[in-house]
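Engineer: Using only what follows, build the 3D model:
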Amino acid sequence: MPSTHIALHVHVVFSTKDRMPLLALEWRGRLHAYLGGVIRNLDAVPEAVGGVSDHVHLLIGLRATKALADVVRDVKAVSSRWVHEEIGMEKFAWQEGYGAFSVSPSQCHAVRDYIDGQAEHHRKKGFQEEYVEILTKCGVTYDERFLW
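Structural biologist: Predicted coordinates for the structure are as follows:
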């Protein structure tokens, strides 16, 4: 083939360090917009960005030339710096790890809706329960001792 064609959509989830509820409602929308801008600047596509006080969800469209680990590393580093400088939370940090789950193009709409509905979703269950459900649904094996 003379050119590359790719449809690579990834649902990425990561939390604040120790899952502390630091993402205040007053500035969370600004953070989500900033995360989208960072993703765009990394030459990826921010298809959805959302979350609640202790974690974020991103639906990212990746290009063939982008490695997921590099994109997530840079998104976390740049956004953490933004929180330090713009919000004044000098000790803010994201948790070291993250979850990343491939999404079929036919399911992107459902994942977007899921991300957009985070506030409602988390009235019924916490992040840890949600995350274990995602891991189970995606068939990801994990050791509970190293999950949190």
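
Engineer: Scan this protein for its longest helix.
Structural biologist: helix 25-41 (DSSP state H).

Engineer: going on from the lowest-mean-pLDDT helix or strand in the chain, what's the next piece of helix or strand?
Structural biologist: Scoring the helices and strands of the chain by mean pLDDT, DSSP states H and E places helix 118-121 at the bottom, with a mean of 90. Later in the chain than helix 118-121, the nearest helix or strand by DSSP states H and E is helix 127-137.

Engineer: tell me what that next one is packed against?
Structural biologist: Judged by 3 or more C-beta pairs under 8 Å, 6 or more residues apart in numbering; DSSP states H and E, the packing partners of helix 127-137 are strand 8-15, strand 99-103. The C-beta positions use only the backbone N, C-alpha and C, and glycine is treated the same way.

Engineer: still on that earlier bit, report the buried residues of the helix or strand following the longest helix of the chain.
Structural biologist: Downstream of helix 25-41, the first helix or strand assigned by DSSP H and E is strand 45-52. Judged by neighbour count using 16 or more other C-beta atoms under 10 Å, the buried positions of strand 45-52 are 46, 47, 48, 49, 50, 51, 52.
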